[in-house]
Structure formats: structure tokens, C-alpha cells
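> build me a model from this:
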Amino acid sequence: MEFEKIVEIIESRREALKSREEEIEVVDYGAGSPRDKRTKEEMEKGVVCKISLQNLAKIGVKREKAQEILKIFKNLNPKVILELGTCCGFSSSYMSYFAQNSRIYTIEGSESVAEIARENHKEFGLLNIEVLVGRFELVLPTLLERIAPLDFAFIDGHHDKFATWKYFHSIRPFMRKGGVMLFDDIAWSDGMQDAWEEITKELKESKCKEVSIVGCDAWKMGVVWL
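Residues are numbered from 1 along each chain as shown. Predicted coordinates:
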């Protein structure tokens, strides 16, 4: 299916959800917004909050980021994909359309949000996506052992400096040689910028294949070819 058609399908669904104002209760184990400055304890416990479906649907990968992921997939042809941060399931849907012969495992902290993602996957008729629910650090150990080696890992949740650094070190040993790790929102906060700089420094010292940044001032993603 052509890229523009995929965008039309997914973004039409997003627009439909953005017209719905009902609120859902979510458990957020992430960093919130850059101004929240949540403590490690708050993130581990999870912050219960309400968000309208309208606002939730605005979050996540859209056309520009999807296009960058497609560029990677054309060179990578991934078979096993891991995503941290499911949200409404739009990013995993894009990846499913781009890599129809892959198996995608995506982790979401809140069951109420995961259910929306599952509904969207069903609406699109996508059958190669498994949504898991829980804190990333609790779900990852067993999952990584089960699905390794990974071809592609998309780290797009829990935008905290130390958490991002930890996920990088947890996932990297389970990546196949030649695989790709993609870090979203590396300019989201000072902490995320620091995390990316430290990851970049370590990777260059280990002589990985390539480290680069894609995007613009409004959004940036860090790409690692192992």
C-alpha cells in the first residue's frame, strides 16, 4: 500500500477520535510534561489522571515521523519490532503497515489506553501487533528474553533522562547486529538531551555503525544503527 494511503487511513481515524470529548482515567508512569519534574518514586507508583480522548489522540507519531520510520524500514526490513509507549496505537499501526511480515510488541503503562490502541488495531485490521500492559521496566525482562533478537526498537515513552539511559542498556544486548534503535523526542527536555548525548558518546566509543538525528526544531529523533 502506498505511503499516502496509509497516512490517510490512520490520520482519518485519529481525526475521528479527536472529535470525542469524553475523558478516560489513565495511570501515567512517565515523566509527564517537562514542567512536571516528577520524582523517581512518583513515576514508579504511577500518577492517576484524566485526559480527554480528544487530547490523547493528538499524541504520537504522525506523517513526518512515520516517513522517517518508513525510510529506516526500507533498508532494514525488520521482522521483530519492540515499542515502548503505545498510546492510541497509531505508531504501531504505521509500523504494521510498513512491515506487514513483522511481529510488533508494544508496551503501554495504562490498561485504559492500551484498550484504545487495541480497538484501533482492530479497526485497521492489523493482526501482527501485541499490546502488553505495565511499567516498562517490569515488562521488559521477560519480553526481551521471549522475542530476541530484535531488529528494531522504538523508545517513545517515559521521557526521563535516567529511564531512557536504562532502557537503552536493557534493550541493546537483545538487538541483532545491524538492527536499529530509534529514540523519539530527544529534544523534549534538558534531561532527554543529556540522555541522548551520553548514549551517543558511548556508541561512538563502541564503534557502532551509525548514529544520527532526524527531524526539525519542533521534533527530533535519534537513530542508532548497530
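> what segments of the chain are helices?
3-18, 40-45, 53-56, 63-76, 90-98, 111-124, 136-147, 161-171, 190-205 (DSSP state H).
> buried deepest among these, which one?
helix 90-98 (a mean of 25; mean count of other Cβ atoms under 10 Å). Backbone N, C-alpha and C define where each C-beta goes, glycine included.
> mean confidence score for it?
Helix 90-98 shows a mean pLDDT of 98.
> how far is stretch 134-151 from where the chain is centred?
Distance of stretch 134-151 from its chain centroid, counting by Cα atoms, centre = their mean, to the nearest Å, is 14 Å.
> then stretch 145-159?
For stretch 145-159, the distance to the chain centre is 9 Å (Cα atoms, centre = their mean).
> report the buried residues of it.
150-159 (16 or more other Cβ atoms under 10 Å).
> tabulate those (JSON lines), appending pLDDT and distance to Pro173.
Shown next, in JSON lines, are those (pLDDT from 0 to 100; distance: Cβ to Cβ, whole Å):
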{"residue": "Leu150", "pLDDT": "98", "distance to Pro173": "10"}
{"residue": "Asp151", "pLDDT": "98", "distance to Pro173": "15"}
{"residue": "Phe152", "pLDDT": "98", "distance to Pro173": "15"}
{"residue": "Ala153", "pLDDT": "98", "distance to Pro173": "11"}
{"residue": "Phe154", "pLDDT": "98", "distance to Pro173": "17"}
{"residue": "Ile155", "pLDDT": "96", "distance to Pro173": "15"}
{"residue": "Asp156", "pLDDT": "93", "distance to Pro173": "20"}
{"residue": "Gly157", "pLDDT": "83", "distance to Pro173": "20"}
{"residue": "His158", "pLDDT": "82", "distance to Pro173": "19"}
{"residue": "His159", "pLDDT": "82", "distance to Pro173": "23"}
